[in-house]
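Asks: Sequence and predicted structure, then a few things I'm wondering about:
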Amino acid sequence: MGAQPSVAIIGAGLAGLTCGTALKSFVQNIKIFEKSVFPGGRVSSFRAGEYEFNHGAQYFTVNNPLFWNIVSAWQTDGIVRPWDGWIVELAKGQIVNSDLATQRFVGVPSMQEIAQNLARQCELVTSANISELERQADGGWRLFNERGDYQGAFDIVIIATAAHQVADLCRTVAEISNPAGRVDMTVCWSAMLAFERRLKIPYDAAFVFDSPLSWISRYQYGVKEGDADCWVLHASPEWSQQYAASFRGRVMHALLDAFWEASDLKARKPASASVHCWKHAVPINPISEDSLFVEEHEIGACGDWCTAPRIEGAVLSGFSMADRVMKHIHKNYA
């Protein structure tokens, strides 16, 4: 075997990008494939005309010492900062609790900047929806997109996508497809609203109870100037599942009505209103293993569905995957 295997990573969310950046000084031939036009996954941004929103992850917290070191480096680089927004809990328009203790962080100028910063250090191929892997007789894998176009051959493949996609791509490798296939994911409808004038809401974000909504948040980077006000709404998993197949217009009206009820404000027409359905938003039952890797087949998988449904979980899973791949290379390719 040669001293430098080739590695393909499928998925440019935080798990895949973290794995790629950790491996890049160890492996020269590494390529990341992303089906979207930009990296980020659930930390990607949404644009509606002149407005921009963090429509997935709104912030992140830090619990693990390794992740704390990473976040400290991100702070030094100026791509994240602490978020001291006033977060409350709402029930039918009434503030029932105020959360001032938890330290939260946000990306600067948006959450997507975290992914963009990592992607700049990698060889990234966007608009590449890898939908089939073919094991070669002499080892390695051939990659094909959804149109059947050949995308290259690689010695090692890492899949850093949602669990159901991992299970589908790894259907010939039971050690990965079986645990990935057992992970259930929630659905989440998101609404992105912009108003020409700032709403009379004193808090910055709220967890919402007894409502179709579970979370509302003012997005401070939504506009560059003026006094416009941008808000992101997340529907509850139960409501989102119930209306997963509904028309977008119906969802928008329902979430707007819930927003006015939760904030106890009179309805007004937004300057811009959009909705997005995260069909695989949050893993309900992670597998409690940092990552999966089958040395015999030289294929692995990582993501927040392996560890914990948080940004921290995705990053730590990506590092775990990189560590396992480096140990495998050291043992088999040296």
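Replies: Arrived safely.

Asks: residues making contact with stretch 210-221?
Replies: Under the criterion CB atoms under 8 Å, 6 or more residues apart in numbering, residues 52-54, 58, 85, 90-92, 109-110, 201, 204-208, 229-237, 239, 254-255, 258-259, 261-263 lie in contact with stretch 210-221. From N, CA and C alone the C-beta is placed, and that goes for glycine too.

Asks: again, 6 Å this time
Replies: Applying CB atoms under 6 Å, 6 or more residues apart in numbering, the contact partners of stretch 210-221 are 53, 58, 91-92, 109-110, 204-208, 230-236, 239, 258, 262.

Asks: Pull out the buried residues from it.
Replies: Of the residues in stretch 210-221, those with enough neighbours to count as buried (16 or more other CB atoms under 10 Å) are 211-219, 221.

Asks: List the ones among the residues you listed that fall in strands.
Replies: Using DSSP state E, the members of the buried residues of stretch 210-221 that fall within strands are 213-218.

Asks: Just put the residues you listed in TSV and tack on pLDDT.
Replies: What follows is those, written out as TSV (pLDDT from 0 to 100):
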residue	pLDDT
213	97
214	97
215	96
216	97
217	95
218	93
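
Asks: Give the other helices and strands that the lowest-mean-pLDDT helix or strand in the chain contacts.
Replies: Taking mean pLDDT, DSSP states H and E as the measure, the helices and strands of the chain show their lowest mean at strand 94-99, namely a mean of 81. Based on contacts counted as 3 or more CB pairs under 6 Å, 6 or more residues apart in numbering; DSSP states H and E, the elements that strand 94-99 packs against are strand 87-91.

Asks: Partner strands of the strand it packs on, with direction?
Replies: Sheet pairing for strand 87-91, assigned by DSSP bridges, gives strand 94-99 (antiparallel), strand 205-209 (parallel).

Asks: Compile those into CSV and extend it with columns for distance to residue 316 and mean neighbour count.
Replies: Below are the strands paired with strand 87-91 laid out as CSV (distance: least, CB to CB, whole Å; neighbours: other CB atoms under 10 Å):
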stretch, distance to residue 316, mean neighbour count
strand 94-99, 24, 12
strand 205-209, 25, 21
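
Asks: Which one of those strands lies nearest to residue 302?
Replies: With respect to residue 302, and counting by CB to CB, the nearest of the strands paired with strand 87-91 is strand 205-209 at 28.9 Å.

Asks: Using CSV, list the CA coordinates for that closest one.
Replies: The C-alpha atoms that make up strand 205-209 are tabulated as CSV, following Å, rounded to 0.1, in the frame of the first residue of the first chain:
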residue,chain,number,x,y,z
ALA,A,205,-35.3,35.3,22.4
ALA,A,206,-37.7,33.0,24.1
PHE,A,207,-38.5,29.3,24.6
VAL,A,208,-42.3,29.1,24.0
PHE,A,209,-44.7,26.7,25.7
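
Asks: Now do it against strand 213-218, angle only.
Replies: Here strand 205-209 points in a direction 170 degrees away from that of strand 213-218 (axes from the mean of the first three to the mean of the last three CA atoms, to 10 degrees).

Asks: List of residues touching strand 205-209?
Replies: Applying CB under 6 Å, 6+ apart, the set of residues contacting strand 205-209 from outside is 85, 87-91, 214-217, 262.

Asks: Pull the number of nearby residues for residue 263.
Replies: Residue 263 is flanked by 19 other residues according to other CB atoms under 10 Å.

Asks: Name the spans of the protein whose pLDDT lies under the cut-off.
Replies: Low-confidence regions of the chain, defined here as pLDDT under 70, cover residues 1-2, 100, 220-226.

Asks: which residue is nearest the centroid of it?
Replies: For the chain, the residue sitting closest to the mean C-alpha position, by CA atoms, centre = their mean, is residue 42 at 2.6 Å.

Asks: State the distance from that one to residue 249.
Replies: Separation of residue 42 from residue 249 (CB to CB, to the nearest Å) stands at 24 Å.

Asks: any idea where the helices of the stretch 1-150 of the chain begin and end?
Replies: Listed from the start of the chain, the stretch 1-150 of the chain has helices (DSSP state H, counting those that start in this stretch) covering 14-23, 65-77, 112-119.

Asks: Can you name every helix or strand that the first one contacts?
Replies: Packing contacts for helix 14-23, counted by 3+ CB pairs under 6 Å, 6+ apart, involve strand 7-10, strand 30-33, helix 112-119, helix 311-332.

Asks: do the same with the last one
Replies: The helices and strands touching helix 112-119, judged by 3+ CB pairs under 6 Å, 6+ apart, are helix 14-23.

Asks: got the angle for the helix it packs on vs helix 65-77?
Replies: For the pair helix 14-23 and helix 65-77, the angle between their directions (the same axes, to 10 degrees) equals 80 degrees.

Asks: got the CA coordinates for helix 14-23 in CSV?
Replies: What follows is helix 14-23 as a C-alpha-only set of coordinates in CSV (Å, rounded to 0.1, in the frame of the first residue of the first chain):
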residue,chain,number,x,y,z
LEU,A,14,-19.7,21.0,11.0
ALA,A,15,-18.9,17.3,11.5
GLY,A,16,-17.6,16.8,8.0
LEU,A,17,-15.7,20.1,7.9
THR,A,18,-14.2,19.4,11.3
CYS,A,19,-13.0,16.0,10.2
GLY,A,20,-11.6,17.4,7.0
THR,A,21,-9.6,20.2,8.7
ALA,A,22,-8.3,17.8,11.3
LEU,A,23,-7.1,15.4,8.6
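
Asks: Thanks a lot, see you next time.
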